[in-house]
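Asker: What follows is a predicted protein model with its sequence.
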Number of protein chains: 2
Amino acid sequence: MNGAVALPLDLPELSLTASGEALVRRSVLPSGVRILSERVPGARSATIGFWVAVGSRDELGAEAARGSGATFVDALPSRFGSTHFLEHLLFKGTPKRSALDIAVAFDEVGGEHNALTGKEYTCYYAKIQDSDLPMAVAVLADMFTSSVLDETEFENERGVILEELAMADDDPNDVVGERLFEAVLGEHPLGRPVGGSNDTIRAVTRDAVWQHYLANYRPNDLVVTVAGAVDHDELVGLVVAAVESAGWDLSVPARPVERRGADSATVTRGSALSLTTRPNEQAVLMIGYPGFVASDDRRSALSVMNSVLGGGMSSRLFQEVREKRGLAYSVYSFASGYSDAGVFGMYAGCSPKNAGRVADLLVAEFSRLALDGITDLELARARGQLSGSAALALEDSDTRMSRLGRSEITTGEFADLDEGLRRLDAVTTADVQHLAQLIVARPLSIAAVGALDADAFSQVVTA
Amino acid sequence: MNGAVALPLDLPELSLTASGEALVRRSVLPSGVRILSERVPGARSATIGFWVAVGSRDELGAEAARGSGATFVDALPSRFGSTHFLEHLLFKGTPKRSALDIAVAFDEVGGEHNALTGKEYTCYYAKIQDSDLPMAVAVLADMFTSSVLDETEFENERGVILEELAMADDDPNDVVGERLFEAVLGEHPLGRPVGGSNDTIRAVTRDAVWQHYLANYRPNDLVVTVAGAVDHDELVGLVVAAVESAGWDLSVPARPVERRGADSATVTRGSALSLTTRPNEQAVLMIGYPGFVASDDRRSALSVMNSVLGGGMSSRLFQEVREKRGLAYSVYSFASGYSDAGVFGMYAGCSPKNAGRVADLLVAEFSRLALDGITDLELARARGQLSGSAALALEDSDTRMSRLGRSEITTGEFADLDEGLRRLDAVTTADVQHLAQLIVARPLSIAAVGALDADAFSQVVTA
């Protein structure tokens, strides 16, 4: 329907039009497999994802596993990083297809294919031309259902993952992001790095990853989402045929795995300052506060606050730090929300000698926003920016595919552009100021990477 | 027309259909302003670019400038980096619009706007919803024609650019790319870094940048390209109105600036080995050879060679270095072509202790391809990959806008998908082997960044 409100996706079958154009449909098979599609008229390509609602936060270390009574991990030093390890291994072959066969299948049609391990989900995806959708379903389904996790491939891939971690470790922006989450969220599982560490990746055994695979890649874990040139009924037929040919019995009844609870967890700050000393040209720093869960009612107000503070070239942080003072090339703010915790943060890259001054400026600008609020003009501009950029983003089938998957896994609610606009229209300047006051009163953490010492941040860091 | 062949764009007006759908039109105003559009039916957004065919290669150092008799740079230590400096300054205001006004104009509609300085061109671009195209033309035209290059803004921006360079210097991949071009192309102007260096950016004066602006942003330098939801006649009207209101007299006759010659320049290798020692976790390395000019007749064969050697997960480099041996996370090959020179290269990121072995593997795989050629199956897969990925890329108006601009500036020839496919179909395995033999016989250079010493590469480096 046109101008649809946000509808829960919990119905076994549902159709609605998003923005009066795309058609969203959802099917749940008796076995709990969920299939969602969003048909975009005129599209000649499609993006497809195979999802499970399992990410790095769900990994249990040896200690936690013992406490939970889970026996198969008792003997293991750690499972941290096993989600990411498994993501790599799914590309390494099945009884039907070698790693090369999988790579060739997508390469020979010019498709893009890859996978993403997040804190709360894992997604295997591909973008292909419309005529290649049956191939994509067949290959992704084979990878998902029938990975062999060959021992030799496993050891080779351990080396690849260690290289991936080394690459990330040489990227100051990656490092500062990981350190900020640890600093703000402390012992909460969302505070852990997604990919594991050198030590845990060296320690992970094939058996731990195999157990992870058996436990989390069952029919009622699987969510398939497709956006672009797709016919829903054909898609359902393709998925059913592919997983049945892999030996799955779809007639065994099961409910889809339950969504995580959305109650805000208690978060205890890990540290006020996390400093990683490096002989770099530039210092990169992030200042963060505990934020809000993804489904929080105030998320539209949070988006507006983020937009005004650090969402573009006209934002306050960009204007004050870069335009007026020339202190940074990159400066912005961000809001990350997960099921039971979130982080609101600010970023800048600057000369090490200016790091303290820039940190002071970031906190001062955020405090000023909390103290004085935002203007009606700023609110109007933020609404325009958020609705305009959302409309532009939805031209990509990637964005639509990803939105469908994240909605299904996290909130179970699909909000189209019109509904998003309606929520934005309801935000007031008072809402935004109130939010800023709430957040700025929380204990902040700083993470920084560069040729720095802790004194630089003495003004903003409180023990 | 349908199934169009590659047509020269040198006619004052030209229409053709690309892939039987999009409509390309080109207009040249009497003053030499060139306007190209590609209408994509069904699109609701557009990407617009304002281009000049001036990049870092066109900058003259003090020595060269003296030799050329150009008097205004006589007193300057250098102009290296002035193109990039000017690119930044165009966002800093005109008599009509402050820097904030420019930022707000795009931010408040959720548009993306930015600029790119390359070795042979500079482009200012924006992606907006269709209804915002008149705004985008007005703002970009104002920036292009009427920048004030305020002295205070100039000094602030010097700080921002130094931060941008520092950020790039902390990125091993940026560094290794710059070093490879210097090593392969030596004293050729294409070998220089695009953004200048700390020293040249500190030395650039406002006057040098002002002279650069006067000399290179005239009506017959300007190329406007738009792809997506655009009507050509309306676009021409918008551009004419915008630049005339800025004071440009479009009735003064001028020919568009001439394209660069496409004859291959003589290139003398800068060095066999360029080593940047850093205490990083990972070593990144590139091996490069002099390649081909962008307009070379053999460019389709080169694309096939690149695809087979290092173009995807099924490529030889990926299979040999990552899949079979687990030595790297990222490994690929690339071919960069410019008007009178090019580089063909291979990249890998790996543990420092394996850098020598990985370098040997890259060269060995390339040599094997030159010795034994490629199979019919590999040729067929590469054709599929190149045509499929081209079709997927053209779904973005960004890609189409950029293709139009680069065609107009470099070759003056517009090849649609069908023509690209025809050229690919003409490539034989013998063509590819012959090309590989030509390139592999040229002197190679290695650039590497990491915790390395030169001995690592003794096997592949010859003096």
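Answerer: Yes, it's here. Numbers count the residues shown, from 1 in each chain, chains lettered A, B, ... in the order given.
Asker: Leaving out the residues flanking it, which one is nearest to the residue of the stretch 51-200 of chain A found nearest chain B?
Answerer: The minimum distance from the stretch 51-200 of chain A to chain B, using C-beta to the nearest C-beta, falls at A:Gly110 (2.1 Å). The C-beta positions use only the backbone N, C-alpha and C, and glycine is treated the same way. With sequence-adjacent residues excluded and distances taken as C-beta to C-beta, 6 or more residues apart in numbering or on different chains, A:Gly110 is closest to B:Gly388, at 2.1 Å.
Asker: what comes into contact with the strand or helix carrying the one you found?
Answerer: Using DSSP states H and E, the element containing B:Gly388 is helix B:376-393. The contact list for helix B:376-393 (C-beta atoms under 8 Å, 6 or more residues apart in numbering or on different chains) reads A:44-45, A:104, A:107-112, A:127-129, A:132, B:19, B:303-304, B:307-308, B:311-312, B:314, B:374, B:399, B:417, B:420-421, B:424-425, B:427-429, B:432.
Asker: Buried by neighbour count, from those residues: which ones?
Answerer: Those of those that meet the buried threshold are A:44-45, A:104, A:107-112, A:127-129, A:132, B:19, B:303-304, B:307-308, B:311-312, B:314, B:374, B:417, B:420-421, B:424, B:427, B:429, B:432, by 16 or more other C-beta atoms under 10 Å in any protein chain shown.
Asker: quick revisit: mark which of the contacts of helix B:376-393 are part of helices, please.
Answerer: Judged by DSSP state H, the subset of the contacts of helix B:376-393 located in helices is A:104, A:107, B:303-304, B:307-308, B:399, B:417, B:420-421, B:424-425, B:429, B:432.
Asker: Can you tell me which of those residues is nearest B:Thr152?
Answerer: B:Thr152 has its nearest neighbour among the ones in helices among the contacts of helix B:376-393 in B:Thr399, at 37.9 Å by C-beta to C-beta.
Asker: contacting residues for the closest one?
Answerer: B:Ala393.
Asker: got it, and A:Phe154?
Answerer: Going by C-beta under 8 Å, 6+ apart, the list of residues near A:Phe154 reads A:Leu89, A:Lys92, A:Arg206, A:Val209.
Asker: just A:Ala328 next, same as before
Answerer: By C-beta under 8 Å, 6+ apart, the neighbours of A:Ala328 are A:Val321, A:Arg322, A:Ala348, A:Gly349, A:Cys350, A:Val358, B:Val160, B:Glu163.
Asker: same question, A:Asp101
Answerer: A:Gly93.
Asker: Could you tell me how far it is located from A:Arg423?
Answerer: Distance, A:Asp101 to A:Arg423, by C-beta to C-beta, to the nearest Å: 46 Å.
Asker: Could you look up the SS state of the closest residue to A:Pro253 other than its chain neighbours?
Answerer: Nearest in space to A:Pro253, with sequence neighbours left out and distances taken as C-beta to C-beta, 6+ apart, is A:Pro30 at 5.1 Å. With DSSP: H, G, I helix; E, B strand; the rest coil as the basis, A:Pro30 sits in coil.
Asker: since we're on A:Pro30, how many residues are nearby?
Answerer: 13 (other C-beta atoms under 10 Å in any protein chain shown).
Asker: and what of A:Tyr329?
Answerer: 22.
Asker: Just list the residues touching it, thanks.
Answerer: By C-beta under 8 Å, 6+ apart, the residues touching A:Tyr329 are A:Arg322, A:Gly349, B:Val160, B:Ile161, B:Glu163, B:Glu164, B:Met167.
Asker: Looks to me like it is in a strand.
Answerer: Yes: A:Tyr329 forms part of a strand when assessed by three-state DSSP.
Asker: what does the domain assignment say about chain A?
Answerer: Listed by automatic domain parsing, the domain ranges of chain A are A:8-245, A:273-457.
Asker: Stretch A:433-452 - what's its average pLDDT?
Answerer: The average pLDDT within stretch A:433-452 is 98.
Asker: Would it count as contacting chain B?
Answerer: No: legend: contact between stretch A:433-452 and chain B by C-beta under 8 Å from any C-beta of the partner chain is lacking; minimum distance shown is 8.7 Å.
Asker: What residues sit buried inside that stretch?
Answerer: If you call a residue buried by 16+ other C-beta under 10 Å, then stretch A:433-452 has these buried ones: A:433-436, A:439-440, A:444-450, A:452.
Asker: taking those residues one by one, which sit in strands?
Answerer: Among the buried residues of stretch A:433-452, the residues falling in strands (DSSP state E) are A:Ser445, A:Ile446, A:Ala447, A:Ala448, A:Val449, A:Gly450.
Asker: what residue lies at the spatial centre of chain A?
Answerer: When C-alpha atoms, centre = their mean is applied to chain A, the residue found nearest the centroid is A:Gly118 (5.2 Å).
Asker: shouldn't that residue be in contact with A:Asp58?
Answerer: No: contact criterion C-beta atoms under 8 Å: A:Gly118 and A:Asp58 do not qualify, at 10.8 Å.
Asker: for the stretch 1-150 of chain A, which spans come out with low pLDDT?
Answerer: A:1-22, A:61-78 (pLDDT under 70).
Asker: So which residues on it come close to chain B?
Answerer: A:41-45, A:91, A:99-100, A:102-104, A:106-113, A:127-129, A:132.
Asker: Could you rerun that using 6 Å?
Answerer: A:Gly42, A:Ser45, A:Ala99, A:Ala103, A:Val104, A:Asp107, A:Glu108, A:Val109, A:Gly110 (C-beta under 6 Å from any C-beta of the partner chain).
Asker: tell me the contacts of the fifth one?
Answerer: A:Val104 makes contact with B:Ser314 under the criterion C-beta atoms under 6 Å, 6 or more residues apart in numbering or on different chains.
Asker: Please apply the same query to the first one.
Answerer: Taking C-beta under 6 Å, 6+ apart as the contact definition, A:Gly42 lies against B:Gly42.
Asker: tell me the secondary structure for it?
Answerer: coil.
Asker: ok, it to A:Leu36 distance?
Answerer: Counting by C-beta to C-beta, the gap from A:Gly42 to A:Leu36 is 20 Å.
Asker: Identify, from the ones in helices among the contacts of helix B:376-393, the entry nearest to B:Ser82.
Answerer: The closest of the ones in helices among the contacts of helix B:376-393, once distances to B:Ser82 are taken by C-beta to C-beta, is B:Thr399, at 29.1 Å.
Asker: From chain A, how far off is that closest one?
Answerer: 12 Å (C-beta to the nearest C-beta, to the nearest Å).
Asker: quick one: pLDDT of that residue?
Answerer: In this model, B:Thr399 carries a pLDDT of 94.
Asker: for the one 5 residues further on, same thing?
Answerer: As summarised for this prediction, B:Leu404 has a pLDDT of 95.
Asker: Which secondary structure element comes immediately after whichever strand or helix holds it toward the C-terminus?
Answerer: Assessed by DSSP H and E, B:Leu404 sits inside helix B:397-409. Of the helices and strands lying after helix B:397-409 in sequence (DSSP H and E), the nearest is strand B:413-414.
Asker: Neighbouring strands - and their directions - for that following strand?
Answerer: strand B:7-8 (antiparallel) (DSSP bridges).
Asker: Can you tell me which of the contacts of A:Tyr329 are buried?
Answerer: Buried among these (16+ other C-beta under 10 Å): A:Arg322, A:Gly349, B:Val160, B:Ile161, B:Glu163, B:Glu164, B:Met167.
Asker: Please name the bridge partners of the spatially closest residue to the second one that is not a sequence neighbour.
Answerer: Read that as A:Gly349. Nearest residue to A:Gly349, sequence neighbours excluded (C-beta to C-beta, 6+ apart): A:Val284, at 4.6 Å. On the basis of DSSP bridges, A:Val284 is bridged to A:Gly349, A:Val449.
Asker: For A:Val284, give me its contacts.
Answerer: So A:Val284 contacts A:Pro172, A:Asn173, A:Val176, A:Gly349, A:Val449 (C-beta under 6 Å, 6+ apart).
Asker: May I see the buried ones among the contacts of A:Tyr329 organised as JSON lines, with pLDDT, distance to A:Ser245 and secondary structure added?
Answerer: As requested, the buried ones among the contacts of A:Tyr329 are exported to JSON lines (pLDDT from 0 to 100; distance: C-beta to C-beta, whole Å; DSSP: H, G, I helix; E, B strand; the rest coil):
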{"residue": "A:Arg322", "pLDDT": "97", "distance to A:Ser245": "56", "secondary structure": "helix"}
{"residue": "A:Gly349", "pLDDT": "98", "distance to A:Ser245": "51", "secondary structure": "strand"}
{"residue": "B:Val160", "pLDDT": "96", "distance to A:Ser245": "57", "secondary structure": "helix"}
{"residue": "B:Ile161", "pLDDT": "96", "distance to A:Ser245": "58", "secondary structure": "helix"}
{"residue": "B:Glu163", "pLDDT": "96", "distance to A:Ser245": "55", "secondary structure": "helix"}
{"residue": "B:Glu164", "pLDDT": "96", "distance to A:Ser245": "53", "secondary structure": "helix"}
{"residue": "B:Met167", "pLDDT": "96", "distance to A:Ser245": "50", "secondary structure": "helix"}
